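Student: Model the structure of this input:
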Amino acid sequence: MGGDMIQKSEEIREKNFREFEKRYGFRPQIDTNEDNYYRMELAKNGDPILFIKGAGLNGADLRMNSEYDPVYESKRWVERFEFINRMTIVLLMGFGVGYSLGALVKKLRPDTKFYVYEPQESVFSYVCGCVDITDFINHPRIFMYVSKEQQGLYVNDVMMNMITYSSETEKIYSPYYAENKEFEECCAALTTIMNAQSNYQQNRGRISLKCRLYAWNHMRNASLLKDLRAVIPEGMPAVIVSAGPSLNKNVDVLKRIKGHALIISSDRAINVLDDHGIEPDMVVTAEPVKDPAFLKYKVAEKIPLLCSMQANSESQKLFKGRCIYFHTFRYEHALFGDRVEADFQGLDLGGNVSGACFVACERLGIKTIILIGQDMAYLDGKHHADKSDSGGDDARNLETIEIPGALGGTVKSCAMWREFRDFFERRIKLNPTLRVIDATEGGALIHGSEVMTLSAVADKLEENTYDITNAVRNLPKAQTDEEYEDTVVKLQKWCDDLDMIARNSEEIATICNQLLNVCKYQDISDKKNNNKINKLDNLRDEIYKTVINSLMEDLWVEDLYSIPGYQFMIRNNEEAIPVFEDAKKYYAHLPEDCKSLKEAILEAIEEGKSNE
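Tutor: Predicted coordinates:
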């Protein structure tokens, strides 16, 4: 056997498409000319192999699998990959007939997740008409991206998994697949996000948690996003004022827009608005180390501060009684319940305060967002509209690049600003009902937005008037005194949990050391080791059941990648040794982290009680 053609079967395709639609909500598109582009034959061992017609040398058909034994070929290919230390996300370019993916699933750890980027929807649809791939479609650890719409969500979906599980990420190309620009851009964006996540934890994690502790103990003087949303009139658009260098060109047009749209300023743009005597409806800040001096301007003295709970605590104090919290996580849900509308898998704010403004607008139910000052590019060598050089080095330390401009041609930018642009494009793809108007009048092109002048936008907005000043400034408080006392009780319980975690950690480190000795001289898979391994699992399970452990892993442990995986892979000595070594090191140090976090919590409680 070998070389025999495989005939398409619409019955097989229907079976695949039916399962695909159940999981992903749509059916892949079939190219009516697919037979002109693709064909399938049987390899010599009887397995199907895929050909791309005319894609080989000198116009020959390109064979995508071994003509003898595709499964064996993939098994040999996958031997080069080995990730044994922690949970991994595989970014796989190309599905083909699934041989490479199948070999990876069998080879790698059973907690590995696979995000498969197939650049040609038509080839995927063709394969669905020839081979039953429902096992791949329904596999709980395999996620397929075969259409342009799905691929637009690739970065966001992988990012959420990375943030949730602190996973390592590995980019892999299936054999015979050429480099793909869109896939490479996704991988580059994810690398940036992963590095930022690690650097954030190392440099700002503890600071941001202390800011959250301040917020938790001052909810009696603050409000919540849900109450703000309740007073926003239906259909009211929003203008996000960012601090890009073009802002001075059209900022005065905002005077015409006041009262016709919700004007939201980023913290960095407040001083420009102050220079022009323009009072926005609110200002947004999200960063724990952002200098509160950016907010100390006359036009900000009466307006609310829409902020993350991890915003600089000095900024929160500056707006005492006027803070509205919107950026909350699962630990806030444990303290305050559904009213804080927590993001259980983290939330991408784009790495900048304008991104936070954008997400806040989405959460407020706003359907039309106008951007100004959102350059993400230099203008006459300037990086911001104000005279401060703060943040300038962030851009200057990166290579200057050229990217498409909103007004045509290209503009000078950098990788950091390009990632900001990519964030806005991701959000637009995630929310197709959202209308985004880029009225920056310069800067980088944001695909999916409408480019207009701010004056033209103002002409349209003047048709409707909204009076929300009093409503926005008189929102109900997030918490009563009695509710705060309940919060204190919960925080004190978390301190008790920290004591338990410290005790368990000491015992875990001891057991890991004992099991390391077993690995050096005996077989870890011997049943006589089960009691110690079960004890280890029980001690760790008790830790994982606490909210405070999640909080500690997210923000207090300074080395994100020192945290052991939730599931220990110890099927043999080779796997077990690095697992136990890493766990021993981590848990031996964890009691120190527990002690310092407990001290920070108790200090915040005392400050909250005395500073009403």
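
Student: what's near enough to touch I601?
Tutor: 213, 491, 494-495 (Cβ atoms under 8 Å, 6 or more residues apart in numbering). In short, each C-beta sits where N, CA and C put it, glycine included.

Student: That one should be in a strand, yeah?
Tutor: No - using DSSP: H, G, I helix; E, B strand; the rest coil, the assignment for I601 is helix, not a strand.

Student: so after the one helix or strand in the chain whose mean pLDDT sits lowest, what's the next helix or strand?
Tutor: Least confident helix or strand, the chain: helix 392-396 with a mean of 59, by mean pLDDT, DSSP states H and E. For helix 392-396, the following helix or strand on the C-terminal side (DSSP states H and E) is strand 400-404.

Student: next one: that next one to chain centre, how far?
Tutor: 24 Å (Cα atoms, centre = their mean, to the nearest Å).

Student: so what strands line up beside that strand?
Tutor: strand 410-414 (antiparallel) (DSSP bridges).

Student: Identify the residues contacting the strand it pairs with?
Tutor: 375-378, 395, 398-405, 421, 442-444.

Student: got the CA positions of it in PDB?
Tutor: Taking C-alpha atoms only, strand 410-414 is exported to PDB below (Å, rounded to 0.1, in the frame of the first residue of the first chain):
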ATOM      1  CA  THR A 410       4.500  55.400   9.000                       C
ATOM      2  CA  VAL A 411       5.300  56.900  12.400                       C
ATOM      3  CA  LYS A 412       8.300  56.400  14.600                       C
ATOM      4  CA  SER A 413       7.500  54.200  17.600                       C
ATOM      5  CA  CYS A 414       9.100  51.500  19.800                       C
END
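
Student: How far off centre is that strand?
Tutor: 25 Å.

Student: Please convert the buried members of the contacts of strand 410-414 into ChimeraX selection syntax.
Tutor: Here is the ChimeraX command that selects only those of the contacts of strand 410-414 that count as buried (16 or more other Cβ atoms under 10 Å):
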select :375,376,377,378,395,403,405,421,442,443,444
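
Student: picking that back up, quick check: PyMOL command selecting the buried ones in the contacts of I601.
Tutor: In PyMOL, this line selects whichever of these come out buried by 16+ other Cβ under 10 Å:
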select buried, resi 213+491+494+495
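
Student: Mind putting the contacts of I601 into CSV with distance to E507?
Tutor: Shown next, in CSV, are those (distance: Cβ to Cβ, whole Å):
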residue, distance to E507
L213, 28
L491, 25
W494, 21
C495, 20
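
Student: Just the ones of the contacts of I601 in helices?
Tutor: 213, 491, 494-495 (DSSP state H).

Student: Tell me the one of these nearest K527?
Tutor: Ranked by distance to K527 (Cβ to Cβ), those are led by W494 at 38.0 Å.

Student: Helices of the stretch 301-450 of the chain, residue ranges please.
Tutor: Along the stretch 301-450 of the chain, counting by DSSP state H, counting those that start in this stretch, helices occupy 313-318, 330-336, 353-363, 392-396, 415-430.

Student: closest one to E184 among those helices?
Tutor: helix 415-430 (12.8 Å).

Student: Can you tell me what sits against that closest one?
Tutor: Contacting residues not belonging to helix 415-430 are listed as 149, 152-153, 155-156, 185, 189, 192, 348, 350-352, 354-355, 358-359, 362, 371, 374, 376-377, 394-395, 398-399, 401, 403, 413, 434, 436, 444-449 [Cβ under 8 Å, 6+ apart].

Student: Buried among the residues you listed? Need that as a selection in PyMOL.
Tutor: Burial among those is assessed by 16+ other Cβ under 10 Å; the matching PyMOL selection reads:
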select buried, resi 152+155+156+189+192+348+350+351+352+354+355+358+359+362+371+374+376+377+395+403+413+434+436+444+445+446+448+449
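
Student: For the stretch 251-400 of the chain, which residues score under the pLDDT cut-off?
Tutor: 345-346, 388-397 (pLDDT under 70).

Student: Where does pLDDT dip in this protein?
Tutor: 1-3, 82-87, 163-167, 194-203, 345-346, 388-397, 611-612.

Student: repeat that for 50
Tutor: 1, 201 (pLDDT under 50).

Student: neighbours around Y521, how many?
Tutor: 7 (other Cβ atoms under 10 Å).

Student: which residues touch it?
Tutor: Y521 is in contact with no residue at all, counting by Cβ under 8 Å, 6+ apart.

Student: V488: neighbouring residues, count only.
Tutor: By the criterion of other Cβ under 10 Å, V488 has 14 neighbours.

Student: quick revisit: of all the helices of the stretch 301-450 of the chain, which lies closest to S122?
Tutor: For those, distance to S122 was read as Cβ to Cβ. The smallest value, 21.1 Å, belongs to helix 415-430.

Student: Dump the C-alpha coordinates for the closest one into CSV.
Tutor: In CSV, the C-alpha atoms belonging to helix 415-430 read as follows (Å, rounded to 0.1, in the frame of the first residue of the first chain):
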residue,chain,number,x,y,z
ALA,A,415,8.3,47.9,20.8
MET,A,416,6.6,49.0,24.0
TRP,A,417,4.2,51.3,22.2
ARG,A,418,3.5,48.7,19.6
GLU,A,419,2.4,46.4,22.3
PHE,A,420,0.1,49.1,23.6
ARG,A,421,-1.4,49.4,20.1
ASP,A,422,-1.8,45.6,19.9
PHE,A,423,-3.7,45.7,23.2
PHE,A,424,-6.3,48.1,21.8
GLU,A,425,-6.6,45.9,18.7
ARG,A,426,-7.2,42.8,20.8
ARG,A,427,-9.9,44.6,22.8
ILE,A,428,-11.6,45.7,19.7
LYS,A,429,-11.6,42.1,18.3
LEU,A,430,-12.9,40.8,21.7
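
Student: Of all the residues in it, which ones are buried?
Tutor: Buried residues in helix 415-430, counted by 16+ other Cβ under 10 Å: 416-429.

Student: again with stretch 311-324
Tutor: Quick answer for stretch 311-324 (16+ other Cβ under 10 Å): 311-313, 315-316, 318-319, 322-324.

Student: Put together TSV for these, with distance to M64 on each row.
Tutor: Output for these, formatted as TSV (distance: Cβ to Cβ, whole Å):
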residue	distance to M64
A311	52
N312	54
S313	57
S315	56
Q316	57
L318	61
F319	60
R322	61
C323	57
I324	55
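
Student: Let me know the closest of those to V131.
Tutor: A311 (52.8 Å).

Student: Give me the nearest residue to that closest one, chain neighbours excluded.
Tutor: Leaving aside its sequence neighbours, A311 sits nearest to T285 (Cβ to Cβ, 6 or more residues apart in numbering; 4.9 Å).

Student: In JSON lines, list the helices of the stretch 301-450 of the chain along with distance to R206.
Tutor: Listed next are those as JSON lines, based on distance: least, Cβ to Cβ, whole Å:
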{"stretch": "helix 313-318", "distance to R206": "13"}
{"stretch": "helix 330-336", "distance to R206": "15"}
{"stretch": "helix 353-363", "distance to R206": "21"}
{"stretch": "helix 392-396", "distance to R206": "22"}
{"stretch": "helix 415-430", "distance to R206": "24"}
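
Student: Quick one, which of the ones you listed gets closest to L555.
Tutor: Nearest of those (Cβ to Cβ): helix 330-336, 9.0 Å.

Student: which residues are in contact with that closest one?
Tutor: Against helix 330-336 from outside (Cβ under 8 Å, 6+ apart): 212, 216, 219, 309, 328, 340, 342-344, 478-479, 487, 490-491, 547-548, 550-551, 554.

Student: Mind listing what's buried along that helix?
Tutor: For helix 330-336, by 16+ other Cβ under 10 Å, it's 331-336.

Student: now stretch 509-517
Tutor: For stretch 509-517, burial by neighbour count (16+ other Cβ under 10 Å) applies to 509, 511-512, 515-516.

Student: Now, those that are in helices?
Tutor: Of the buried residues of stretch 509-517, the ones assigned to helices by DSSP H are 509, 511-512, 515-516.

Student: so which of the residues you listed comes closest to K113?
Tutor: Closest approach to K113 among these (Cβ to Cβ): C512, at 25.9 Å.
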